[in-house]
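Participant: structure, please.
(2 chains)
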Number of protein chains: 2
Amino acid sequence: MSDPSSDPLPGPSPGPSPAAGARARLDALRTELARRGLDGFLVPRADAHLGEYVPACAQRLAWLTGFTGSAGMAVVLATRAAIFVDGRYTLQVREEVDGTLYEFRHLIDEPPERWLKSALEPGMRLGFDPQLHSERQAARLRAAVAGAGAALVAVEDNPVDAVWIDRPPPPNAPIIPHPLDYAGRDSADKRAEIARTIRAAGAEAAVLTLPDSIAWLLNVRGSDVPHTPVPLSFAIVQADAAGGEDARVDWFIDPARVAGEARAHLGAGITVHAPADFGPALEAAGRNGRAVLADPQTANAWVFARLRAGGAHIVAGPDPCLLPKARKNAVELAGARAAHLRDGRAMVRFLAWLDRKAPVRAAAGAPVTEMEAAQRLLALRREDPMFRDCSFETISGAGPNGAIVHYRVSERTNRALRPGELYLVDSGAQYPDGTTDVTRTVAIGAREHPPDDEMRRHFTCVLKGHIALATACFPPGTTGHQLDVLARIALWRAGLDFDHGTGHGVGSYLGVHEGPQRISKAYNPVALEPGMIVSNEPGYYRNGAYGIRIENLVAVTLRPAPDPDGRDMHAFETLTLVPIDRHLIEVALLNADEASWLDAYHARVRAAHRDHVDPDTRAWLDQATRPITP
Amino acid sequence: MSDPSSDPLPGPSPGPSPAAGARARLDALRTELARRGLDGFLVPRADAHLGEYVPACAQRLAWLTGFTGSAGMAVVLATRAAIFVDGRYTLQVREEVDGTLYEFRHLIDEPPERWLKSALEPGMRLGFDPQLHSERQAARLRAAVAGAGAALVAVEDNPVDAVWIDRPPPPNAPIIPHPLDYAGRDSADKRAEIARTIRAAGAEAAVLTLPDSIAWLLNVRGSDVPHTPVPLSFAIVQADAAGGEDARVDWFIDPARVAGEARAHLGAGITVHAPADFGPALEAAGRNGRAVLADPQTANAWVFARLRAGGAHIVAGPDPCLLPKARKNAVELAGARAAHLRDGRAMVRFLAWLDRKAPVRAAAGAPVTEMEAAQRLLALRREDPMFRDCSFETISGAGPNGAIVHYRVSERTNRALRPGELYLVDSGAQYPDGTTDVTRTVAIGAREHPPDDEMRRHFTCVLKGHIALATACFPPGTTGHQLDVLARIALWRAGLDFDHGTGHGVGSYLGVHEGPQRISKAYNPVALEPGMIVSNEPGYYRNGAYGIRIENLVAVTLRPAPDPDGRDMHAFETLTLVPIDRHLIEVALLNADEASWLDAYHARVRAAHRDHVDPDTRAWLDQATRPITP
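Facilitator: Modelled structure (predicted):
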């Protein structure tokens, strides 16, 4: 699905709390704030890891206000309160949140910093939980609050938790070892590399706050949040000489969760500590001005405060695991290919079913709905014993719903798949050997109700962009923002564009969105290196009519110079193996190279699946993948 | 010609001074330095404007060392001296400079800063002329010298000038008014805009040190340096309320050069001062902490020193003329079209002559040479009464010489144009209504000696890149680094690339290289805006064999949304009208869109010229521009 940094995902929905209770919850919080001598408090959606998904126990914003979106913040003062959400949630927030309790504000156009400047009075004490804000964000808030003559006060424990009676317990499922057959590289080897990186950055230790960095480094997985198989935890990597090449890691996670097999799997060099020991360990890590690496972009303000309290010399720099985690090794790439083969098979069976059923069901007056389609696809994926979870909440949008980039089907919006309309399905899965993410747009009942010329023209523009990126070659050092135009130029020539990124990094049985590489209009200094997996997902969205997106995952590969005078280049290997709807292609708009890419891709898809699917699916697959060139 | 910021041009050659004199000149300088109590001195190639071309009176590096390249610096100490040049000049410097007097160093790989750290001893006083170094560069040098325990000492008057007996006088030709018919906008109007820009930057005045900024602002031209029709001068723009909307300009240039007609042309609001008054005026401009805008990238260190001496609050920011100068107005664009029409006609007559003569002359044993070809082209351009100058020194390279990106033909290198070889000619002219810059690569005697498949394949890759950029559409806000890949992807797919920028800005009867926009791999935050003129010049260079470059100038235009749901885009209008050699095109490698672009372009070229050339040229033109699609 499309790039979160341009358009984050809605997270899991604990379901809005009963509106009746909202006032009571707000009153309880205000009483607690008064008791603590605070004039107000910030309630962001984030947890202490500032990640894409937040466990139920940390869904404070949803519990307090009822808002279940993936980004937002509430500001609670004694007599006023406001909730800030971005453009994706301006409608949803009005449905979920009581407008008599909270003013609705636009997170980007009317940022909290500005609102605070007007709402706060000199001398006021505004509380915030430093664990729920990045070091960068906290600095901005502190400046804004100071600008109003008020003070931003860090709290030790979160007042919301004090009044949240039925608060769910923190995740406590056992840690899952991630075996070498999937990881491809043992933790000691990874830790030795990270230790070198830390020393090269001029530090003796590093704080890791990103759960997927820790999961990668220790070769463990978990189930603490939906869609991303990581345990929520913190770690400190000791990279001083004492650690030698094989760096020691202090891992802060409930020891009860690291039982027998998992403990053995960790091996030497990793010490498990109770989460409560993290604070003191941060202070100890920087004693006597010891140099500690921490990432102001991704680590929370509390981490920096504790490091400073300990007297650390803080080296600000990116999480040292980001790049090596992004460069998949040969075993991870082999796993990705295997996972995409199985995942593609489920998609093929789904699309064959949809093509067969949608028209007849519609004719019979019992059309397939967005919700049923998503459930069917999930059921087919579940048949794979390796299936662990969806890699994000499926986007299943028919007709105009497909034009809502972040659409999530609900009972209220659930739309029928009508012949003649377009249907967009963006979904993915988590398998131990790989993470998938694929989008297809199909014409419902195309044989009896062919898509109109405009749909075909727009789909073909998107396809041309997808092919241009899929077939790109580029010299080492080339970054994603240099390639982005390839996916857009066909749309631009038609006076069209799409307002999300073109490609995001994808983890190996980790986050479906991972950095640091990215393909988008925005400047990004990180070069695309062999082994990196990114999505290739141009789209076009016609408001109120339909949405089009064609997404495959691709892996960066090395392409040796074709002739002695040439240069070595990088190229992309397409991992996703799912047919692209031929009914939506205006063949005349494709040039010979584009047409032959499509035919070659479809031949690959057919060969990959046809001997492994039922006769009906095989018949559909043969039709769906036949050449478009005579 | 290709982008100077990636690969600057050699400047004019005063001709190396006799080697015999080099030692005497060096001795004289050392004596002068001793007299002043200096242990050494820096002699850069730059003048006080730090521009691409330097007048004879400021060619201190060439006078002292004999080195005539366009970039470099000599460092003279009591017993050692070194000259620093970049990769383009490593051979030339050995031919022009006496190795017994100067150590040869690589400007990039062995920068002067590093050499100084080792060569200087504590307590030494190294002199430098702050007028010949940018504020940025001076800071780097100061740090390096301090690192060696020595001091960087700014001199008031340059010691080289003190010993340069036969030093040419400074340029003193009369200022040439640039009439409204060509400028399209009067100076008062331009000054009013600049004043607003200066105030928006939080300043009350601005220092202008770039001659082309001043020439644009005051609608004047000059002949102080070759190839760029500007008078060398400085200016201070007063933008305080007192100046009202119609900003006052203090212009520092010999008043004798601004005689009757020119003076009248300037009109009110512009005061001419003697160059010697510039220093005191800088101090006055910033009195009592007045805010003055100056550009640390382009203004010299002396300007900043004088501003500080006066107590100015310096606002560091880009020259306020850069953007409005880059956005050509309708009259300038009409002038550019007219200039390219006439310039294209000269090119067409040249290429027709070359195609006719080169084979027969070669067969007769008296082949056309690179030098003769360049002279012939110049003679044809000169027939246009509007011709004023070449816009840069012509690159005329046959066979392997074409692979030297910055090749300049000399008696020694002058090569015959041999049938079966490629010939690259990159040239341009200055006309009052516009500046041109065009590169064509042709196969010599192609009919009897057709170019080989490799030449055709490489040429066609370059052509595909040229067409991809020429036909690009892009949303407002798109920058050059976003489009660069379009010109390279065909080469990249073939494992090839070129190591210079893809496009540089071009002035309107001003510098053939101007910013701030640019098309290259390097990040550049400046968006391409309607009216901007840039070159489109991908290439490919096979060392020791041949060079290929296809360069047209294009203007950014506004392209309204094709349909109501579409968006307004920007696009390029190709200004250059010269045939592209069909003998070098492998038609099978072009797709239908590319082929039709080429045929449409050639039809335009034919229609533009055929009724205005002699019968022989017309016959050639009809052949050269016939469609490649049957």
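Participant: quick one: low-confidence residue ranges for chain A.
Facilitator: For chain A, applying pLDDT under 70 flags the ranges A:1-20, A:241-246.
Participant: longest helix in it, please.
Facilitator: Assignment by DSSP state H gives helix A:330-363 as the longest helix of chain A.
Participant: for that one, buried residues please.
Facilitator: A:331-337, A:339-355, A:357-359, A:361-362 (16 or more other Cβ atoms under 10 Å in any protein chain shown). Using the backbone N, CA and C atoms, a C-beta is placed for each residue, glycine as well.
Participant: out of the residues you listed, who's near chain B?
Facilitator: With the criterion set as Cβ under 8 Å from any Cβ of the partner chain, no member of these is near chain B.
Participant: regarding the residue in the stretch 101-250 of chain A that chain B sits nearest to, what is its secondary structure?
Facilitator: Using Cβ to the nearest Cβ, the closest approach of the stretch 101-250 of chain A to chain B is made by residue A:108 at 17.2 Å. Under the three-state scheme (DSSP: H, G, I helix; E, B strand; the rest coil), residue A:108 adopts coil.
Participant: strands of the stretch 1-150 of chain A, start to end?
Facilitator: A:40-44, A:73-77, A:81-85, A:103-106, A:125-128 (DSSP state E, counting those that start in this stretch).
Participant: which helices and strands does the fourth one pack with?
Facilitator: Which is strand A:103-106. Counting contacts by 3 or more Cβ pairs under 8 Å, 6 or more residues apart in numbering or on different chains; DSSP states H and E, strand A:103-106 packs against strand A:81-85, helix A:90-96.
Participant: which of the ones you listed sits most buried?
Facilitator: strand A:81-85 (a mean of 24; mean count of other Cβ atoms under 10 Å in any protein chain shown).
Participant: gap between residue A:626 and residue B:624?
Facilitator: Distance from residue A:626 to residue B:624, counting by Cβ to Cβ, to the nearest Å: 44 Å.
Participant: and for residue A:64?
Facilitator: 75 Å.
Participant: these two: who's more crowded?
Facilitator: residue A:64 (27 against 22; other Cβ atoms under 10 Å in any protein chain shown).
Participant: mind listing what that one touches?
Facilitator: A:22, A:25, A:26, A:29, A:43, A:74, A:76, A:160 (Cβ atoms under 8 Å, 6 or more residues apart in numbering or on different chains).
Participant: make it 6 Å
Facilitator: Shown in contact with residue A:64 (Cβ atoms under 6 Å, 6 or more residues apart in numbering or on different chains): A:25, A:43.
Participant: and what of residue A:466?
Facilitator: Going by Cβ under 6 Å, 6+ apart, the list of residues near residue A:466 reads A:536, A:538, A:550.
Participant: that one in helix, strand or coil?
Facilitator: helix.
Participant: before we move on, what about residue A:251?
Facilitator: Residue A:251 is classified as strand under three-state DSSP.
Participant: partners of it in the sheet?
Facilitator: Assessed by DSSP bridges, residue A:251 has beta-bridge partners residue A:235, residue A:272.
Participant: how many residues are close by it?
Facilitator: Neighbour number of residue A:251 under other Cβ under 10 Å is 24.
Participant: cool, and residue A:477?
Facilitator: Neighbour tally, residue A:477, other Cβ under 10 Å: 11.
Participant: do residue A:467 as well
Facilitator: 26.
Participant: what residues are up against it?
Facilitator: A:594, A:597.
Participant: near chain B at all, the longest strand seen in chain A?
Facilitator: In chain A, with assignment by DSSP state E, the single longest strand is strand A:552-559. No - Strand A:552-559 does not reach chain B (Cβ under 6 Å from any Cβ of the partner chain); its nearest approach is 7.6 Å.
Participant: quick one: strands adjacent to that strand?
Facilitator: strand A:533-536 (antiparallel), strand A:569-574 (antiparallel).
Participant: right, so the ones you listed: which one is the most enclosed?
Facilitator: strand A:533-536 (a mean of 27).
Participant: direction included, what does the helix or strand following that strand pair against?
Facilitator: Counting by DSSP states H and E, the next helix or strand C-terminal to strand A:533-536 is strand A:539-542. Strand A:539-542 has its sheet partners listed here by DSSP bridges as strand A:546-549 (antiparallel).
Participant: which residue packs closest to the residue of the stretch 101-250 of chain A closest to chain B, ignoring adjacent ones?
Facilitator: residue A:86 (5.6 Å; Cβ to Cβ, 6 or more residues apart in numbering or on different chains).
Participant: the one you found: neighbour count?
Facilitator: Neighbours around residue A:86, by other Cβ under 10 Å: 17.
Participant: again with residue A:414
Facilitator: Residue A:414 has 15 nearby residues by other Cβ under 10 Å.
Participant: ok, now residue A:35?
Facilitator: 10.
Participant: do you know how far it is from residue A:127?
Facilitator: 12 Å.
Participant: next: residue A:178.
Facilitator: For residue A:178 relative to residue A:127 (Cβ to Cβ), the value is 39 Å.
Participant: residue A:150 too?
Facilitator: 11 Å.
Participant: and for residue A:306?
Facilitator: 18 Å.
Participant: go on, residue A:163?
Facilitator: 13 Å.
Participant: equivalent analysis for residue A:158, please.
Facilitator: 9 Å.
Participant: next one: residue A:521
Facilitator: Counting by Cβ to Cβ - residue A:521 and residue A:127 are separated by 38 Å.
Participant: what do you get for residue A:191?
Facilitator: 38 Å.
Participant: more crowded one of these two?
Facilitator: residue A:191 (24 against 20).
Participant: need the contact list for the nearest residue in space to the more buried one that is not next to it in sequence.
Facilitator: Counting by Cβ to Cβ, 6+ apart, residue A:191 lies nearest to residue A:247, which is 4.3 Å off, once chain neighbours are set aside. Contact partners of residue A:247, counting by Cβ under 6 Å, 6+ apart, are A:191, A:195, A:237, A:239.
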